[in-house]
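Student: need a 3D model of the following:
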Amino acid sequence: MSVIVVSGTGTEIGKTVVTSAIAAAAVAAGRTVAVLKPAQTGVGPEEPGDAAEVVRLAGASVTAVELARYPEPLAPDTAARRSGLATLAPAEIAEAASRLAAAHDLVLVEGAGGLLVRFDEAGHTLADAARLLSAPVLVVAAAGLGTLNTTALTTEALRARALSPLGVVVGSWPDAPDLASRCNLADLPEVSGTSLLGAVPQGAGSLSPTAFRTTAPTWLAPPLHGTWSADSFLKSWPA
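Tutor: A predicted model of the protein is given here:
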C-alpha cells in the first residue's frame, strides 16, 4: 500500500495523532513517508496545521504537503464559500497524492472530519478522492459509547462506494476505560466487518517527539508497521 487515506468517524477523533503514529512507525521501519492534508480548516495563515504536527511528532524526514487552508473551523466546502477561496476537487487531491507516492514508500492522506464531509460545491468528499486513488481507507474511531454506530456507518458508506476499509484504529484510548469502551474493543471488528489495527493512548500527542516516535509502533498492528496485537490488548482490558 503506497497510499492510505485516513478518515475519522467524526471530528476531534484523533486522526492527526494516529496519522503521526503511522508515520513514525513507518519511518522506524525504514520507509520514506509523506503526509498530505488536502484541506486545513480553522487555522490562521501563519499557524502550524495538522501536517506540521505530523512532522513535529514523527520527525523531520516526513514530507508534509497542504493543498488548501481556510480560516474558519468548518467543513471545507462551507469554509471555502464563506472565505471566498477556491474549493478543492477530488482530482486535485488524487493528483497530489500520486505525485508524492512516486517519491515515497508511503503516503498518508488525512481527511477533514468524517468521511462524507463536503470538499466542494458538487458535494465531493474524501471518499471520491480515495476512489480515484484506489486507496484503502483507515477509519479512526472513538473508544466510548456511540462509536459502534458511527464506525458501522462509516464502513458501510465505504463499501457502498466500492472502497475497502483497511481497518479501525481507536484514536484516543483512555487511561481508565469504562465498560462501554472495553466492550467496544471486541465489538468494533464485528460491526465494522474489518480488523482492529491499533489503539493510541489518550494524550499521546502531548508526549515529547522522542517518546512519541519510540513508542508509536507499540500502538499499531503490523499492517501499519507496528507491533501491537489486538488479542493481547483485549486480554489486557476484559469487559
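Student: contact partners for Leu126?
Tutor: Neighbour list for Leu126: Val5, Ser7, Pro38, Ile93, Val109, Gly111, Ala112, Leu115, Leu116, Val117, Phe119, Val137 [criterion: C-beta atoms under 8 Å, 6 or more residues apart in numbering]. All C-beta atoms are positioned from the backbone trio N, CA, C, and that covers glycine.
Student: surely the third one and Leu67 touch.
Tutor: Looking back up the chat, that one is Pro38. Yes - counting by C-beta atoms under 8 Å, Pro38 does reach Leu67; the two are 4.9 Å apart.
Student: those two: which is more packed in?
Tutor: Neighbours were counted for Pro38 and for Leu67 using other C-beta atoms under 10 Å; Pro38 has more, 26 against 16.
Student: from Pro73, how far out is the residue of the chain most remote from its centre?
Tutor: Of all residues in the chain, Gly84 has its C-alpha farthest from the mean position, at 27.6 Å, by C-alpha atoms, centre = their mean. Gly84 sits 17 Å away from Pro73 when distances are taken as C-beta to C-beta, to the nearest Å.
Student: can you give me the helices in the protein?
Tutor: Applying DSSP state H to the chain gives helices spanning 15-28, 50-58, 76-83, 90-101, 126-133, 147-160, 179-192, 209-215, 230-236.
Student: who touches the last one?
Tutor: To tie it back to what came earlier, the one meant is helix 230-236. Under C-beta under 8 Å, 6+ apart, the answer for helix 230-236 is Leu185, Ala186, Pro189, Ser195, Leu196, Leu197, Ala199, Ala221.
Student: and those, which two are furthest apart?
Tutor: Spatial extent of the contacts of helix 230-236 (C-beta to C-beta) is set by the pair Ala186 and Ala221 at 15.6 Å.
Student: so between the two, which is more surrounded?
Tutor: It is Ala221, of Ala186 and Ala221, that has more neighbours when counted by other C-beta under 10 Å, with 21 against 14.
Student: torsion angles phi and psi at that one?
Tutor: Torsion angles at Ala221 (phi, psi; degrees, to the nearest 10) stand at phi -80, psi 160.
Student: what's across from Ala34 in the sheet?
Tutor: Under DSSP bridges, the beta-bridge partners of Ala34 are Thr63, Val107.
Student: ok, it touching Val107?
Tutor: Yes - with contacts counted by C-beta under 8 Å, Ala34 reaches Val107, the gap being 4.9 Å.
Student: overlap in contacts, those two.
Tutor: Leu100, Ala101.
Student: filter the contacts of helix 230-236 down to the buried ones.
Tutor: Leu185, Pro189, Ser195, Leu196, Leu197, Ala199, Ala221 (16 or more other C-beta atoms under 10 Å).
Student: ok, back up a step: so which of the contacts of Leu126 are in strands?
Tutor: Per DSSP state E, strands hold the following members of the contacts of Leu126: Val5, Ser7, Pro38, Val109, Gly111, Ala112, Val137.
Student: what's across from the second one in the sheet?
Tutor: So the one you mean is Ser7. Val139.
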